[in-house]
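Enquirer: sequence and computational prediction follow.
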Amino acid sequence: METIRVSRAREFVNLLTRVFHFIFFAVGLRGKKKFWGVVYDSKSKQPLDPVIVKLITTGEEPEVQTCITDMKGRYGFLVTPGKYKIITKKTNYVFPSSRVTGSEDGDFKDLYHGEFFEVSGGSEVVAPNIPMDQITADWNQEAKAKVLKYKSFSNWLLRLTATFLFWTGFSLVLVFLGLDFWKNLAITQPGWLIVFCTYIFVFILNGIIPQTRLWGEVLDKNTRQPLSGLVLELKNPILPDLFMARTLTTEEGRFFLRVNPGSYALEIKTRDAGGQDLVLGRVRISVGSEALVNQTFWIDWQKGV
C-alpha cells in the first residue's frame, strides 16, 4: 500500500542544517544540543544497549511509547501534557537502581528512578538519565567496552583546536584592521577586509540557520495539515517481526524517534472504531550517524483508509 511519501526537500534541508550545525559547533559558535537521555550502567558509567524503554501514562492506554536505546544508550520521547512513568528492561540488569539513588551521578544529571512525573505546557522531549544495576555478567557490554570509547579525548582536542584557531584568527583580523585604520585613517589592505567580511558572514549564517531538527512530522498529503494520534513503528526490514521502536504523533503531527544507524521499515498506523490497528502504509528509511528519524512524511489519508 503506497500511501506514504518522504519529503525529499525536507531531507535536503535537514542535511544542510546538520552540516552547518557541525561547522558552527566545531568553531565554538554553538553548544551541543542534547534532547535525549542516556541509560547507563550505575557502576561502570557506560551507556547500555539494547535497552527497552517504555513510557507509561495513567490514561486508558497505559503504554504510550516504546523505544530501544542506540549504541550510546540514548533515547527520548516527545510527549504532550499529562502524567507519565518510565520503565526500562534489559537482560542482566535491574531497574530502578539501588546503587545510585540521588539526582546526580558525576556527569549524569537529572536522574530518574521510576517515579511518576507530570508534563505541563506544550509538547516537549522527555529524556532523563537512567542508571541500571548489573546483576549478572553481560558479555555484550564487556565486548563493547573494549572497542567503544564514549569520552573521546581526541574529539575534544580537535574541537578545542578548531575553536582556538577560529577565534584567534578573528582577533588578529580585528587587530590588523584597527592598526591599518589608525595609521592611515582608512582601510588600505583589502585582503584583511575580505577575511573580516567572511567572518561576519559566518556569524550571520549562525544566526539564520536553525538548530538541527530533532523531531519528524506526519502531514496529510491533501490538506497539508498535521496528523495526530498516529502510531509509528520501526521494524527490521529483513525480520519484520523484530520491533525496534514505537511512538505516537502529537497534536502538531510531530514525533521523536532514536535508533541505531541503519536501514529500517517504518510502518504508520491508525486505529479504527473498534480499537484495531489499521496500517496506512509502509516506507523504507535510512538512519545516519545522528541516530535520529527527523523526516517529514506525507500520508495520502483517503487512499490509506
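Expert: Sure, I can see it. Everything numeric in this text was worked out from a predicted model, so none of it was measured. Residues are numbered from 1 along each chain as shown.

Enquirer: so where do the helices sit in the stretch 1-150 of the chain?
Expert: Secondary structure of the stretch 1-150 of the chain by DSSP state H, counting those that start in this stretch: the helices cover 8-26, 139-147.

Enquirer: from the contact counts, what lies against the first one?
Expert: So the one you mean is helix 8-26. helix 153-184, helix 190-208 (3 or more C-beta pairs under 8 Å, 6 or more residues apart in numbering; DSSP states H and E). Any C-beta I mention is one placed from the backbone N, CA and C, and that applies to glycine too.

Enquirer: please name the nearest non-neighbouring residue to residue 67.
Expert: residue 245 (4.4 Å; C-beta to C-beta, 6 or more residues apart in numbering).

Enquirer: could you do residue 128 as well?
Expert: Residue 128 sits nearest to residue 112 (C-beta to C-beta, 6+ apart), 3.8 Å away.

Enquirer: mind putting the helices and strands packed on helix 8-26 in JSON lines, mean neighbour count included?
Expert: Shown next, in JSON lines, are the helices and strands packed on helix 8-26 (neighbours: other C-beta atoms under 10 Å):
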{"stretch": "helix 153-184", "mean neighbour count": "12"}
{"stretch": "helix 190-208", "mean neighbour count": "12"}
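
Enquirer: need these in TSV (columns: distance to residue 44 and mean pLDDT).
Expert: Shown next, in TSV, are the helices and strands packed on helix 8-26 (distance: least, C-beta to C-beta, whole Å; pLDDT from 0 to 100):
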stretch	distance to residue 44	mean pLDDT
helix 153-184	18	86
helix 190-208	37	89
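
Enquirer: to residue 235, which of the ones you listed lies closest?
Expert: helix 153-184 (32.5 Å; C-beta to C-beta).

Enquirer: list the contacts of residue 167.
Expert: 27, 28 (C-beta atoms under 8 Å, 6 or more residues apart in numbering).

Enquirer: measure it to residue 291 for me?
Expert: 30 Å (C-beta to C-beta, to the nearest Å).

Enquirer: again with residue 279
Expert: According to C-beta to C-beta, residue 279 and residue 291 sit 26 Å apart.

Enquirer: those two: which is more packed in?
Expert: residue 291 (18 against 14; other C-beta atoms under 10 Å).

Enquirer: count the residues that sit near the closest residue to the more buried one other than its chain neighbours.
Expert: Excluding the flanking residues, the one nearest residue 291 by C-beta to C-beta, 6+ apart is residue 70, at 4.6 Å. Residue 70: 22 surrounding residues under other C-beta under 10 Å.

Enquirer: residues contacting residue 70?
Expert: 49, 258, 259, 260, 291.

Enquirer: do residue 188 as well
Expert: Residue 188 touches residue 180, counting by C-beta under 8 Å, 6+ apart.

Enquirer: doesn't it belong to a helix?
Expert: No: using DSSP: H, G, I helix; E, B strand; the rest coil, the secondary structure at residue 188 is coil, not a helix.

Enquirer: give the contact list for the residue nearest to residue 56 when sequence neighbours are not counted.
Expert: Leaving aside its chain neighbours, residue 56 sits nearest to residue 85 (4.5 Å; criterion: C-beta to C-beta, 6+ apart). Residue 85 sits next to 55, 56, 57, 114, 115, 116, 117 when contact means C-beta under 8 Å, 6+ apart.

Enquirer: residue 116 versus residue 85, what's the distance?
Expert: Counting by C-beta to C-beta - residue 85 and residue 116 are separated by 5 Å.

Enquirer: my guess is residue 174 meets residue 196, correct?
Expert: Yes: Residue 174 is in contact with residue 196 according to C-beta atoms under 8 Å; the separation is 7.4 Å.

Enquirer: now residue 114, nearest residue through space, not along the chain?
Expert: residue 96 (4.2 Å).

Enquirer: count of residues packed around the one you found?
Expert: 19.

Enquirer: quick one: residue 298 from residue 116, how far?
Expert: 36 Å.

Enquirer: and these two? Which one has more around it.
Expert: residue 298 (19 against 11).

Enquirer: and the end-to-end length of stretch 78-87?
Expert: Across stretch 78-87, the terminal residues are separated by 16 Å (C-alpha to C-alpha, to the nearest Å).

Enquirer: what do you get for stretch 176-191?
Expert: Span of stretch 176-191 from end to end, C-alpha to C-alpha: 11 Å.

Enquirer: what's near enough to touch residue 57?
Expert: So residue 57 contacts 64, 82, 83, 84, 85 (C-beta under 8 Å, 6+ apart).

Enquirer: repeat that for residue 16.
Expert: Contacts of residue 16 by C-beta under 8 Å, 6+ apart are residue 209.

Enquirer: that concludes my questions; thank you for your assistance.
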